[in-house]
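**Q** need a 3D model of the following:
(chains A, B, C and D)
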There are 2 protein chains.
Amino acid sequence: MTRWLDDDEQQTWRAFLWTSRLLNESLDRQLQRDSGMPHTYYVILAMLSEAPGRRLTMTELARVVRSSPSRLSHAVTRLEKEGWVRRVPHPTDRRTTMAELSDEGFTTLVEAAPGHVEAVRRHLFDPLTREQVLQLREILRAVLPALDTEDEAADIFGPA
Amino acid sequence: MTRWLDDDEQQTWRAFLWTSRLLNESLDRQLQRDSGMPHTYYVILAMLSEAPGRRLTMTELARVVRSSPSRLSHAVTRLEKEGWVRRVPHPTDRRTTMAELSDEGFTTLVEAAPGHVEAVRRHLFDPLTREQVLQLREILRAVLPALDTEDEAADIFGPA
DNA sequence: CACGATTATTTGAGTCTTCAAGTATTTAAA
DNA sequence: TTTAAATACTTGAAGACTCAAATAATCGTG
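**A** This is a model prediction of the structure:
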């Protein structure tokens, strides 16, 4: 027997669906227009910029951006064409490739960041009270771990 | 001056990003595997099934599924090839096309629904308390309207 | 009633993602 | 030490989405 959604759940689910879709599309348009990249690629640059030496193994990078190896490989190929990322051989393991953020990539990221953060703030945080932000964080802290393969969620909330 | 995200906001934003992405990908895989369609297409069938006469104008349908006209047109073309949807001319306005759910489409939807709802429940609602579900609904009710062009959000929460 | 503006929809090219398959290298074990 | 299994990554084809442009029909106004 299927347990269908009651009215509260139905409303919540549809609202979540459209909010996440529309927010993502909005960020995509903003970044595409102002910086020539979709949101996914912005996140790749952002995560690389936070890594020691601004470089990560393809596998590590895939892990932090929650990407399949295939998607990431295609993405890095594109980012490489833009000159924003370089593929560097791993010093000891010849199977692995490292993706390294170039100076141009870093500059592009720095220029893209303000507009992107503005958009996130305006769309997501401005309409919420502080209490709601904290509630939302707890809600997501409950939902995310089961979706995350491995224990990636700890990287967001801290391992504490 | 850019107002950057503080720690709470940063955690909340990243958690939201990955939760929505991973949830969507998970639903896509489940539906693709079990019913041969991505989640977007399931939603199109679902919305048509709720319409009077199981048919809507392309424009109306685009509105309820928050799709661009172009995306919807491509999607309906694919759904038509599957035999799940038919394009029917509008009785009075020859510019407009109506999309109509076929009996096969309805059957497919009915068969797909239980597995899909299970997945939504398991991933989103099982980890949350009732209070959190209601909190989440209020949060989304605050965020969605600004993202929705027109006042579509009323269709979810009721115009009251 | 003409005709420019608006509305409704489609098309095609380019991009991004997915999935399945393939290559290369390292690890582990017999 | 040779070889099967595991790991790391890439490739190509197919599907889906975006954007810009095109077509078609109706509306509003003079």
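
**Q** now the most centrally placed residue in chain A: which helix or strand?
**A** For chain A, the residue nearest the mean C-alpha position is A:V43 (4.5 Å; CA atoms, centre = their mean). Assigning secondary structure by DSSP states H and E places A:V43 in helix A:39-50.

**Q** and the pLDDT for the closest residue to the residue nearest to the centre of chain A other than its chain neighbours?
**A** Using CB to CB, 6 or more residues apart in numbering or on different chains and skipping the chain neighbours, the partner closest in space to A:V43 is A:V65 (5.5 Å). Heads up, the C-betas are built off the backbone N, CA and C, glycines and all. We have a pLDDT of 98 for A:V65.

**Q** against chain B, how distant is A:A113?
**A** 7 Å (CB to the nearest CB, to the nearest Å).

**Q** for the helix or strand hosting that residue, name the packing helices and strands.
**A** Element membership of A:A113 [criterion: DSSP H and E] is helix A:103-120. Applying 3 or more CB pairs under 8 Å, 6 or more residues apart in numbering or on different chains; DSSP states H and E, one finds that helix A:103-120 contacts helix A:7-35, helix A:39-50, helix A:69-82.

**Q** what strands flank the very next helix or strand once past the last one, and is each parallel or antiparallel?
**A** Just to be clear, that refers to helix A:69-82. Counting by DSSP H and E, the element after helix A:69-82 in chain order, helix or strand, is strand A:85-89. Applying DSSP bridges, strand A:85-89 is found paired with strand A:97-101 (antiparallel).

**Q** and the angle from the partner strand to helix A:103-120?
**A** 70 degrees (axes from the mean of the first three to the mean of the last three CA atoms, to 10 degrees).

**Q** do strand A:97-101 and DNA strand D meet?
**A** Yes: residues of strand A:97-101 contacting DNA strand D under CB under 7 Å from any atom of the strand: A:97-98.

**Q** hmm, who's touching that strand?
**A** A:45, A:48-49, A:53-58, A:61, A:76, A:84-90, A:109 (CB atoms under 8 Å, 6 or more residues apart in numbering or on different chains).

**Q** CA atoms of it as CSV?
**A** Below are the C-alpha coordinates for strand A:97-101, written out as CSV (Å, rounded to 0.1, in the frame of the first residue of the first chain):
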residue,chain,number,x,y,z
THR,A,97,44.8,13.6,-12.8
MET,A,98,44.8,16.7,-10.8
ALA,A,99,42.7,19.7,-11.7
GLU,A,100,44.3,23.0,-10.8
LEU,A,101,42.7,26.4,-10.8
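
**Q** run the chain-centre distance for it.
**A** On the basis of CA atoms, centre = their mean, to the nearest Å, strand A:97-101 sits 17 Å off its chain's mean C-alpha point.

**Q** quick one, it and helix A:39-50 angle?
**A** Using the same axes, to 10 degrees: strand A:97-101 against helix A:39-50 is 90 degrees.

**Q** near DNA strand C at all, strand A:97-101?
**A** No: judged by CB under 7 Å from any atom of the strand, strand A:97-101 makes no contact with DNA strand C; its nearest approach is 10.6 Å.

**Q** quick check: buried residues in the least confident helix or strand in chain A by mean pLDDT?
**A** In chain A, the helix or strand scored least confidently by mean pLDDT, DSSP states H and E is helix A:154-157, which has a mean of 87. Residues A:156-157 are the ones in helix A:154-157 that count as buried (16 or more other CB atoms under 10 Å in any protein chain shown).

**Q** hey, C-alpha coordinates of it in CSV?
**A** Once non-C-alpha atoms are left out, helix A:154-157 reads as follows in CSV (Å, rounded to 0.1, in the frame of the first residue of the first chain):
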residue,chain,number,x,y,z
ALA,A,154,30.2,16.6,7.5
ASP,A,155,32.2,18.9,5.3
ILE,A,156,29.4,21.4,5.4
PHE,A,157,28.3,21.3,9.0
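
**Q** contacting residues for the residue nearest to A:Q132 when sequence neighbours are not counted?
**A** Distances taken as CB to CB, 6+ apart put B:I139 closest to A:Q132, at 5.1 Å, once the chain neighbours are dropped. Listed by CB under 8 Å, 6+ apart, the contact partners of B:I139 are A:128, A:132, A:135-136, A:139.

**Q** before we move on, what about A:L17?
**A** Contacts of A:L17 by CB under 8 Å, 6+ apart are B:V43.

**Q** how close does it sit to B:V65?
**A** Counting by CB to CB, to the nearest Å, the separation of A:L17 from B:V65 is 10 Å.

**Q** identify the contacts common to the two.
**A** Joint contacts of A:L17 and B:V65 (CB under 8 Å, 6+ apart) are B:V43.

**Q** from DNA strand D, how far out is the closest residue in space to A:V120 that isn't next to it in sequence?
**A** Distances taken as CB to CB, 6+ apart place B:W13 nearest to A:V120, at 5.9 Å, with adjacent residues excluded. The gap separating B:W13 from DNA strand D is 21 Å, by CB to the nearest atom of the strand, to the nearest Å.

**Q** that concludes my questions; thank you for your assistance.
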